[in-house]
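> with the sequence up front, the predicted model follows.
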Amino acid sequence: MQLNQVKIILKRLYKDYVKRYFKRIILSLILSMVVAASTAATAWLLDPAVKKIFLERDRTFAWLIPLGIAITFFSKGCSLYFARMNLIIVSARIGAELQQQISNFVLTTDVKTLENKHSGNYISNIMYDTSAVTGLVSTGVLNIMKDSFSLVLLVSLMFYQNWRLAMFAIIMMPLSMIIAKSLGKRIGKAQTEASNKSQAFVIFFSEIFKASKLIRIYQKEKAENKKAQKVISESMEKNIKISNIMIRATPIMETLTGLMIAGFIFYSGRLIDQGNLEINSFFSFLAAMMLAYQPIRSLATINMTIYQGATAAKRIFSVIDEPIETKNNLSLPNLKINNCNIKFKDISFHYSNTKEKAIKNVELEIKGGSMTALVGPSGSGKSTIMNLIPRFYEAQTGKILIDDQSIHEVNLESLRKNISLVSQDVVLFDDTIKGNIAYANSNASEDEIMEACEFAAANEFIEKMPQKYDTIVGENGVRLSGGQKQRISIARAILKKTPIILLDEATSSLDSESEEIVQNAISNLVKNKTTLVIAHRLSTIHNASQIFVIKDGKVLEFGNHDYLIKNSAAYKSLYQKQLK
């Protein structure tokens, strides 16, 4: 990362996040001054200590100076603690704010954006990148303030004791800065590589958790273990590389310091022989120089911390700055439901990763209060049509109207408030059964939840559970059967009480017995509702008011079951294939 990019990112971090904690930063600045003054005072007190206690043997100073040293260390310890604690609070709040912004982006951005990037990347942003930014604020900012003041005061003390020795001692400072500049560029590049590896690490492990049964049934444990070793090894090597760069300055700094101290002792001996330096001033100067070594080393490597934090912040900003196409514009009017008729007018749509249209010039009408079905081969565009209604995706051309209101001219919240979705891929949270159902309406009473379950034919199996409605279902409902999960999903949709129901092949993965139970539950759900069904089994849509036959993104024919059996070759072919 170039230096000008680092400056831009740091300016933004300060303006958008750090600036609001300016008072806390000032407090830490004052406390850092106290730390620096205490450090310099400790070195200065060695001058009168040697002279008054050891040379002149003054009894008064024999207890005053040790008391003064104890006070300086106490002052330094307390000030350093409160300065650090203050900046830890600031950095933790900034880290939490960044995590909240990433979380908000994930929750509000377009579905297509989430689908174009693996979830592991976002998890890595939340876990690793925010940690690097908080490290920059908590450690970097404190070290800059504390070590800068300490170095200034200690160098001033060195000049006060003997300017000739001070000039000799500060030769190493520009050398340290040259080393730090070189290593800082390398740490930025290494940090980017390490972040990419950490993302690959998170992605890999999230996938093997999801595919645990698949791995075992295909006996891929050894193959996946080899992949795990590779991912872990690559992540480890990048972390070692970063640590190596971070400590690479140590041998150089130690060598420079050793040469400086050796030269200093040699030169001091000559000055003492010439009478230009007293022994007490020598010890005070030596203490100041030794104490100055730590802030010099810290400041020499601080830009590595800055590069790490700036690189991580850049990745976070690339996420939260991504434009959101489908937004909830509260200035738009609410959707007003009357008959709940839905019309598609010349709708065309293609996904962002291809120019080929998934649906082409689609015209269809879903009558309010009735069931409409979409049928056709896989990949024909049925799910795409359904996903356009709640604006999971945005059509490139055409209009979708609900009671003659364009769904783009009403606010998004009011649109989705009137829609429930039940799909074949049921999503359940690692929560209680009651909690999963109440997700549709957090203000629902227990009686309302139980009533919804009765309509969804779920109450019977729930009552047999160990804790009944308080039973934890596990990650994505792992402790429930497919039919049970689907009935909970239907109960959730019933509880929402919406006029529009979207059913995306809700029974396609169920056995005959479960399908019959779920179909009865669906009948309760869709009664007097505007319902759009994607049907896998055509036997389930005999009673649909309208059936649209979709092929290659186009509407071929439409009508009820009896009409299409007589007049649609495509529908008749689909139906006969299922009878075999």
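Received the coordinates, thanks. Residues are numbered from 1 along each chain as shown.

> so where do the helices sit in the stretch 101-250 of the chain?
Secondary structure of the stretch 101-250 of the chain, counting by DSSP state H, counting those that start in this stretch: helices at 111-115, 119-124, 130-135, 141-161, 163-169, 172-210, 212-217, 221-247, 249-273.

> minimum distance to residue 352: which of these has it?
For the helices of the stretch 101-250 of the chain, proximity to residue 352 was assessed by C-beta to C-beta; helix 111-115 is nearest, at 5.5 Å. Backbone N, C-alpha and C define where each C-beta goes, glycine included.

> need the contact partners of the closest one.
Applying C-beta atoms under 8 Å, 6 or more residues apart in numbering, the set of residues contacting helix 111-115 from outside is 106, 322, 324, 351, 352, 387, 392, 393.

> check the fifth one and give its pLDDT.
Spelled out, that is residue 352. At residue 352, the model reports a pLDDT of 78.

> now for the nearest residue in space to it that is not next to it in sequence, how many residues are close by?
Spatially, and ignoring its direct neighbours in sequence, residue 352 is nearest to residue 112 (5.5 Å; C-beta to C-beta, 6 or more residues apart in numbering). For residue 112, the number of neighbouring residues by other C-beta atoms under 10 Å comes to 16.

> which residues in the protein form strands?
Remark: strands of the chain, listed N- to C-terminal, are 342-349, 359-366, 371-375, 397-402, 405-406, 419-423, 500-504, 530-534, 546-551, 554-559; assignment by DSSP state E.

> show me the shaky parts of the stretch 1-150 of the chain.
Counting by pLDDT under 70, the stretch 1-150 of the chain has low-confidence residues at 1.

> sorry, wrong one. I was asking about the stretch 251-400 of the chain.
Looking along the stretch 251-400 of the chain with the criterion set at pLDDT under 70, you get 300.

> try 80 this time
In the prediction, the stretch 251-400 of the chain carries residues with pLDDT under 80 at positions 251-261, 263-264, 275-277, 293-294, 296-304, 352-355.

> dump stretch 529-541 to CSV, keeping only the CA atoms.
Only the C-alpha atoms of stretch 529-541 are listed here, as CSV (Å, rounded to 0.1, in the frame of the first residue of the first chain):
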residue,chain,number,x,y,z
LYS,A,529,-54.3,-15.4,0.2
THR,A,530,-52.6,-14.4,-3.0
THR,A,531,-50.3,-17.3,-3.5
LEU,A,532,-47.5,-17.9,-6.0
VAL,A,533,-46.3,-21.5,-6.0
ILE,A,534,-43.3,-23.1,-7.7
ALA,A,535,-44.3,-26.7,-8.1
HIS,A,536,-42.0,-29.7,-8.2
ARG,A,537,-44.8,-32.2,-8.1
LEU,A,538,-47.6,-31.1,-10.5
SER,A,539,-50.1,-33.2,-8.5
THR,A,540,-50.0,-30.6,-5.8
ILE,A,541,-51.3,-27.7,-8.0
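
> how far away is residue 321 from residue 369?
Counting by C-beta to C-beta, to the nearest Å, the separation of residue 321 from residue 369 is 44 Å.

> buried stuff in stretch 543-555?
Under the neighbour-count criterion of 16 or more other C-beta atoms under 10 Å, stretch 543-555 has 544, 546, 547, 548, 549, 550, 551, 553, 554, 555 buried.

> so how far is stretch 241-258 off the chain centroid?
Averaging C-alpha coordinates over stretch 241-258 and over its chain gives two centres that are 33 Å apart (C-alpha atoms, centre = their mean, to the nearest Å).

> about what we covered before: which of the contacts of helix 111-115 count as buried?
Buried members of those, scored by 16+ other C-beta under 10 Å, are 106, 387, 392, 393.

> which one of the residues you listed sits closest to residue 475?
Checking the buried ones among the contacts of helix 111-115 against residue 475 with C-beta to C-beta, the nearest one is residue 106 at 18.4 Å.

> on that earlier part again, now render the helices of the stretch 101-250 of the chain as CSV, adding distance to residue 78.
Compiled in CSV, those are given as follows (distance: least, C-beta to C-beta, whole Å):
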stretch, distance to residue 78
helix 111-115, 48
helix 119-124, 38
helix 130-135, 24
helix 141-161, 14
helix 163-169, 30
helix 172-210, 29
helix 212-217, 52
helix 221-247, 29
helix 249-273, 29
